[in-house]
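Undergrad: Provided below are the primary sequence and the corresponding predicted coordinates.
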Amino acid sequence: MTRKLGVNTWVWVSPLDDEALARLAPMVRDWGFDTIELPVESPGDWDPQRAGELLQGLGLDATVVLVMGPGRELVAAPRAVIAETQDYLRRVVDAAVAVGSKVIAGPAYASVGRTRRIEDRPAAYRELRANLAPVADYAAERGVTVAVEPLNRYETSLVNTVDQALDALDGLAGTALALDVYHMNIEETDLPAAIIRAGDRIGHVQVCGNDRGSPGRDHLDWRSLLHALDLAGYPGPLVIESFTSHNATIATAASIWRPLASSQDALAVDGLAYLRSLTDA
């Protein structure tokens with residue numbers, strides 16, 4: 001199945017700003033990517049209206065990812081913190097609308113790195129649904145889906161697997177699952193089976209090698225993963241998400257302690273070539 005392929009600007013820079021986007025977007029387009037993924041670390045880092053005009057002129061699609069940094073919580077947190085997080089997520093939705101993204105994706109439940117023993121998981125998921133619902137409604141009214149991403153056990157204790165995400169979002173309109181094969185490789189015993197279980201609830205897919213490097217330069221069975229996405233009926237893009245070790249903040253947050261390719265450009269270009277060889281076959 002021919003698919004659109006994308007890349008997240010985190011491969012090169014964090015936080016994204018207007019100058020970096022103006023430099024990266026033409027380069028990404030010229031390499032042959034269809035989609036560029038834009039993180040909203042803090043609203044105002046980049047101008048959504050300006051970005052939308054830039055990408056439209058280049059013929060690039062956009063997807064938008066939310067960032068759950070310290071102090072962003074929707075579960076087991078003071079009411080004021082939850083309200084501030086909801087406001088942040090609404091602003092991410094607004095950015096998505098401006099650049100034409102139909103999805104905001106990420107761990108929209110807890111700050112990355114917050115781990116704790118959860119004694120009553122059903123209650124935690126009820127709280128998540130209650131606090132995410134207003135954001136999902138706001139997004140749906142604007143044609144945007146909130147795609148919730150399970151993270152590995154070292155980055156969260158709330159939602160680690162596809163099955164947990166399906167449970168957590170059960171009955172919550174306006175939401176979907178964001179699948180990231182890096183996290184799935186840690187938490188799922190059978191990645192293709194987990195993808196098939198997610199089925200029509202898949203709203204976004206991020207890809208990289210098992211070490212966060214280029215897809216295809218790793219041990220993952222990419223043909224089986226892509227076949228499972230076909231069986232699940234997922235029609236959207238595959239977006240390469242990795243990170244640069246040259247930015248101290250993001251290197252620490254993502255535990256990127258060494259180069260993952262000969263260059264960040266090579267990480268993107270090699271991954272694109274490999275995925276294109278499979279999806280255009």
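TA: Yes, it's here.

Undergrad: what strand or helix carries residue 198?
TA: For residue 198, the host element (DSSP states H and E) is helix 191-198.

Undergrad: and the closest residue to residue 208 other than its chain neighbours, how far is that from residue 110?
TA: Of all residues not flanking residue 208 in the chain, residue 242 sits nearest, at 4.9 Å (C-beta to C-beta, 6 or more residues apart in numbering). The C-beta positions use only the backbone N, C-alpha and C, and glycine is treated the same way. Distance, residue 242 to residue 110, by C-beta to C-beta, to the nearest Å: 22 Å.

Undergrad: for residue 153, same thing?
TA: Distance from residue 153 to residue 110, by C-beta to C-beta: 13 Å.

Undergrad: comparing the two, which residue is more hemmed in?
TA: residue 110 (25 against 12; other C-beta atoms under 10 Å).

Undergrad: list the contacts for the more buried one?
TA: 68, 72-75, 156, 158 (C-beta atoms under 8 Å, 6 or more residues apart in numbering).

Undergrad: now do the same for it: its pLDDT.
TA: On pLDDT, residue 110 comes in at 98.

Undergrad: quick one: which of the contacts of residue 110 is nearest to residue 258?
TA: residue 156 (24.1 Å; C-beta to C-beta).

Undergrad: thought the closest one was touching residue 107?
TA: Yes. At 6.2 Å, residue 156 counts as touching residue 107 under the criterion of C-beta atoms under 8 Å.

Undergrad: more neighbours, these two?
TA: residue 107 (26 against 22).

Undergrad: and residue 267, how many residues sit next to it?
TA: 27.

Undergrad: what does residue 123 give?
TA: 12.

Undergrad: likewise residue 139?
TA: There are 26 residues near residue 139, going by other C-beta under 10 Å.

Undergrad: the one 5 residues further on too?
TA: By other C-beta under 10 Å, the residues close to residue 144 number 23.

Undergrad: now do the same contact list for it.
TA: 93, 96-97, 101-104 are the contacts of residue 144 under C-beta under 8 Å, 6+ apart.

Undergrad: tell me the pLDDT at it?
TA: For residue 144, pLDDT reads 98.

Undergrad: what's the answer for the one 10 residues further on, then?
TA: Per-residue pLDDT puts residue 154 at 95.

Undergrad: ok so, going back, from the chain's centroid, how far away is the helix holding residue 198?
TA: 17 Å (C-alpha atoms, centre = their mean, to the nearest Å).

Undergrad: for the following helix or strand past that helix, which helices and strands make contact with it?
TA: Sequence order places strand 202-207 as the next helix or strand after helix 191-198, per DSSP H and E. Contacts defined by 3 or more C-beta pairs under 8 Å, 6 or more residues apart in numbering; DSSP states H and E place strand 202-207 against strand 103-106, strand 145-148, strand 175-180, helix 181-187, helix 222-232, strand 238-240.

Undergrad: between the fifth one and helix 191-198, how many degrees?
TA: An angle of 10 degrees separates the directions of helix 222-232 and helix 191-198 when computed by axes from the mean of the first three to the mean of the last three C-alpha atoms, to 10 degrees.

Undergrad: show me what helix 222-232 is packed against.
TA: Under the contact rule (3+ C-beta pairs under 8 Å, 6+ apart), helix 222-232 is packed against helix 191-198, strand 202-207, helix 264-279.

Undergrad: buried stuff in it?
TA: Of the residues in helix 222-232, 222, 225-229, 232 count as buried by neighbour count, 16 or more other C-beta atoms under 10 Å.

Undergrad: let's have these in TSV, adding pLDDT.
TA: What follows is the buried residues of helix 222-232, written out as TSV (pLDDT from 0 to 100):
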residue	pLDDT
222	98
225	98
226	97
227	97
228	98
229	98
232	98
